[in-house]
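In: Structure for the following, please:
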Amino acid sequence: MALLAQAGSLLARALPIEVTDDQGHQVRLTAPAQRVITLSPHATELVFAAGGGERIVATVNASDFPPAARTLPRIGDGLSPNPERVLLTRPDLVIGWQPSQFSSLSSLAIPTFLSNPKTLKSIPDSIEILGNLLGTSETANTRAASLKQTLERLKQYTSTKTPVRVFIQVGDEPEYTLNRSHLLSHLIEQCGGINIFSAAAATAPKISAESVLSQKPDLILLGRIGATAEPTTDSSALSYWRRLNLPAAMLGQIFVMDSDVLYRPGPRLIEAAETICSLIQQARK
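Out: Next comes the predicted model:
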């Protein structure tokens with residue numbers, strides 16, 4: 001049996017690898033990728049989660065998690081990668097998050113994979129796919145299974161009662177928020193909440209304090225660069241909204257979290273899911 005398993009493993013490695021990316025394009029490799037460039041911070045996190053962090057030969061300036069990502073070589077902001085700099089790293093796979101990033105690389109004949117998760121479930125699915133591309137399926141599948149179990153547990157929070165009204169505040173000033181297309185909004189819904197600006201036309205609409213007041217949110221989630229992954233209260237935000245008699249502030253239901261955890265479509269958002277659901281349950285009570 002051991003010989004059969006070994007033979008099967010060798011055969012699998014010898015076969016071409018074919019997957020479909022988030023744009024619907026077929027990606028084909030003749031062997032697992034050994035030298036990878038990631039063109040977004042969330043792609044870097046996904047590759048590490050899939051067990052392929054050591055395969056990343058270059059990434060973008062904003063890639064800062066996990067801590068090992070901070071020591072990786074940089075190729076700039078990644079919006080329009082320089083073909084010469086890319087070639088110097090000799091990659092066999094480039095992972096980006098929007099098609100325009102690949103335009104300057106079209107003449108290089110380097111396989112590209114577009115990662116742009118649109119649902120919470122697509123995050124662990126992406127980790128599994130990357131595990132196939134990297135030949136690290138054992139690690140990737142284990143991590144993906146854990147994230148799927150977390151998503152399954154969220155079903156206990158879904159309530160038929162009146163949803164908790166949640167305001168997603170992007171930054172310290174109440175100027176921007178997120179609409180229903182963002183994964184954080186999907187998570188809030190699964191937790192039995194409702195994003196008060198879910199119907200906005202823009203993904204990150206500009207709003208005003210007055211528009212927030214008119215919606216009377218029960219809870220505010222404030223994303224801040226450099227904040228902790230665990231929610232904390234913030235005296236300045238509480239003071240600001242209490243002066244305006246906002247219900248959430250009067251009840252102390254304003255919580256600050258690391259903006260990268262909340263806004264990046266990566267495993268940390270799912271790992272924070274039960275905490276966010278608990279905040280919503282607390283606001284309901």
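
In: Export only the CA atoms of the lengthiest helix in the chain, formatted as CSV.
Out: The longest helix of the chain (DSSP state H) is helix 137-153. Provided in CSV are the C-alpha atoms of helix 137-153 (Å, rounded to 0.1, in the frame of the first residue of the first chain):
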residue,chain,number,x,y,z
SER,A,137,-2.0,20.8,-0.6
GLU,A,138,-1.6,19.1,2.7
THR,A,139,-0.9,22.4,4.6
ALA,A,140,-3.4,24.3,2.5
ASN,A,141,-6.3,21.9,2.9
THR,A,142,-5.8,21.8,6.7
ARG,A,143,-5.9,25.6,7.0
ALA,A,144,-8.9,25.8,4.6
ALA,A,145,-10.8,23.1,6.6
SER,A,146,-10.3,25.1,9.8
LEU,A,147,-11.6,28.3,8.2
LYS,A,148,-14.6,26.4,6.8
GLN,A,149,-15.4,25.1,10.2
THR,A,150,-15.4,28.7,11.5
LEU,A,151,-17.8,29.7,8.8
GLU,A,152,-20.0,26.8,9.7
ARG,A,153,-20.2,28.0,13.3
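
In: Following that helix in sequence, what is the next regular element?
Out: strand 164-170 (DSSP states H and E).

In: Check which helices and strands the longest helix of the chain sits against.
Out: Packed against helix 137-153 by the contact rule (3 or more C-beta pairs under 8 Å, 6 or more residues apart in numbering; DSSP states H and E) you find helix 122-134, helix 267-271, helix 273-284. For glycine as for every other residue, the C-beta is placed from the backbone atoms N, C-alpha and C.

In: Show me where the stretch 1-150 of the chain has its strands.
Out: In the stretch 1-150 of the chain, the segments counted as strands under DSSP state E, counting those that start in this stretch are 17-20, 26-29, 36-38, 56-58, 93-96, 112-114.

In: which residues sit against the first one?
Out: Pointing back at strand 17-20 there. Q26, V27, R28, L29, T30, A31, P32, F113, I129, N132, L133 (C-beta atoms under 8 Å, 6 or more residues apart in numbering).

In: ok, it: who's next to it in the sheet?
Out: strand 26-29 (antiparallel) (DSSP bridges).

In: What residues of the partner strand count as buried?
Out: Judged by neighbour count (16 or more other C-beta atoms under 10 Å), strand 26-29 contains these buried residues: V27, L29.

In: What mean pLDDT does that strand get?
Out: Here strand 26-29 scores 96 as its mean pLDDT.

In: Please apply the same query to stretch 193-211.
Out: On average, stretch 193-211 scores 96.

In: Quick one: end-to-end length of it, please.
Out: One end of stretch 193-211 to the other measures 19 Å (C-alpha to C-alpha, to the nearest Å).

In: Quick check: buried residues in it?
Out: G193, I194, N195, I196, F197, S198, A200, A204, P205, I207, S211.

In: Could you do stretch 120-137 as well?
Out: 120, 122-137.

In: Check stretch 169-186 too.
Out: Applying 16+ other C-beta under 10 Å to stretch 169-186 flags Q169, V170, P174, Y176, T177, L178, N179, H182, L183, L184, S185, H186 as buried.
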